[in-house]
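Student: what shape does this take:
(4 chains)
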2 protein chains.
Amino acid sequence: MSPTATVPSYGCTCARLRKLARRVTRIYDAHLAPQAIKVTQYSLLANAARGERTVSEFAAELEMDRSTLSRNLAPLAAHGWVSISVGADPRNRSIGVTTAGRRKLKAALPLWRKAQCEVESILGTAGVGELHRRIEAALAALPTTSGKRT
Amino acid sequence: MSPTATVPSYGCTCARLRKLARRVTRIYDAHLAPQAIKVTQYSLLANAARGERTVSEFAAELEMDRSTLSRNLAPLAAHGWVSISVGADPRNRSIGVTTAGRRKLKAALPLWRKAQCEVESILGTAGVGELHRRIEAALAALPTTSGKRT
DNA sequence: AGCATATGCGTGTAATTACACCTATATGCG
DNA sequence: CGCATATAGGTGTAATTACACGCATATGCT
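Tutor: So this is what the prediction gives:
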């Protein structure tokens, strides 16, 4: 095998990533503001619209802590955009989208599209493509969980 | 000029970026845990160690809201790692690192290094290099602020 | 000198994130 | 059946993030 690096060759990948995430999030949020929804919420809503799931399943897909997802769903439920109903196993909560939620999604979609297009046009199609490729490669390779946490 | 995209070609760049940020943050945090410091705090501390600055200057460099920085500095100050002193202009706060802060940095550096090296070895030197290149390109091209907010 | 404005920073509010831990329910084994 | 354990979810606590706004101080103009 090739010599594994024992000394970092770049700056803090995490810090750079987080900085970019802040910047990009601001762009999307600015575009979505007229619909009074944030990109995090929009993503959650769009994801929920792909079918009913339990909190755990949902959290696993997003690779988000269950408790984080619970908390993030609360404002969406408060707006009446998602439904949280008890499943067959009463321990389960089935997360779904309401009619109002679908309406919201429909209204916000063009705003999200504008944000996404702005980013794509600024970075160039090739640039965004390569960025996405790198992100996906990292998501495919990096461990999902760093601790124990069954 | 080339035809500007009017329809998005990729998924939500923001969501993918945030997902990766979550994952990477968990990795760094897990490595830094023995020193009871999170990667966000470590970054802040390392950045502060580069010289005294006002909150606004600091926030501008990190492209972080001033209020966000204020809040993030609070726990570091509570630990005695950073000093927040009133400047010549009493409106200013000068942010600096304390001796304890430098000690903390020194103790945490090898842990950060391990995290960074782990990421680099998993993604490969070339992979991380390309990821960084894409991040830097995006940071260079994308607008810093999306709203007004002088 | 005095007031309008600009600047610097914090607070209020709210959402995002995660770990540790608790509760409730289900399941498996004697 | 009854109890140990596993599973699903939420709470407590704390940090990260940002917008709107407020307070204090400085600066500029008359």
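
Student: alpha carbons of the one helix or strand residue A:60 maps to, in PDB - could you do that?
Tutor: Element membership for residue A:60, per DSSP states H and E: helix A:55-62. The C-alpha coordinates for helix A:55-62 follow below in PDB (Å, rounded to 0.1, in the frame of the first residue of the first chain):
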ATOM      1  CA  VAL A  55     -38.000   8.900  13.300                       C
ATOM      2  CA  SER A  56     -35.100   6.400  13.600                       C
ATOM      3  CA  GLU A  57     -35.300   5.500   9.900                       C
ATOM      4  CA  PHE A  58     -35.400   9.200   8.900                       C
ATOM      5  CA  ALA A  59     -32.500  10.000  11.200                       C
ATOM      6  CA  ALA A  60     -30.500   7.200   9.800                       C
ATOM      7  CA  GLU A  61     -30.900   8.400   6.300                       C
ATOM      8  CA  LEU A  62     -30.000  12.000   7.200                       C
END
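
Student: what sits against the residue nearest the centre of chain A?
Tutor: Per C-alpha atoms, centre = their mean, the C-alpha nearest to the average position across chain A is that of residue A:43, at 5.2 Å. By C-beta atoms under 8 Å, 6 or more residues apart in numbering or on different chains, the residues touching residue A:43 are B:12, B:14-15, B:18. (C-beta placed from N, C-alpha, C; glycine too.)

Student: ok, and which of these reach DNA strand C?
Tutor: By C-beta under 7 Å from any atom of the strand, the members of the contacts of residue A:43 lying near DNA strand C are residue B:18.

Student: for the longest helix anywhere in chain A, buried residues please.
Tutor: Secondary structure of chain A per DSSP state H: the longest helix is helix A:99-123. Neighbour counts over helix A:99-123 (16 or more other C-beta atoms under 10 Å in any protein chain shown) mark A:101, A:104-105, A:108, A:111-112, A:115-120, A:123 as buried.

Student: tabulate these in a markdown table, adding columns for distance to residue B:82.
Tutor: A markdown table is the format used below for those (distance: C-beta to C-beta, whole Å):
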| residue | distance to residue B:82 |
| --- | --- |
| A:101 | 43 |
| A:104 | 42 |
| A:105 | 43 |
| A:108 | 40 |
| A:111 | 39 |
| A:112 | 38 |
| A:115 | 35 |
| A:116 | 38 |
| A:117 | 41 |
| A:118 | 36 |
| A:119 | 34 |
| A:120 | 39 |
| A:123 | 35 |
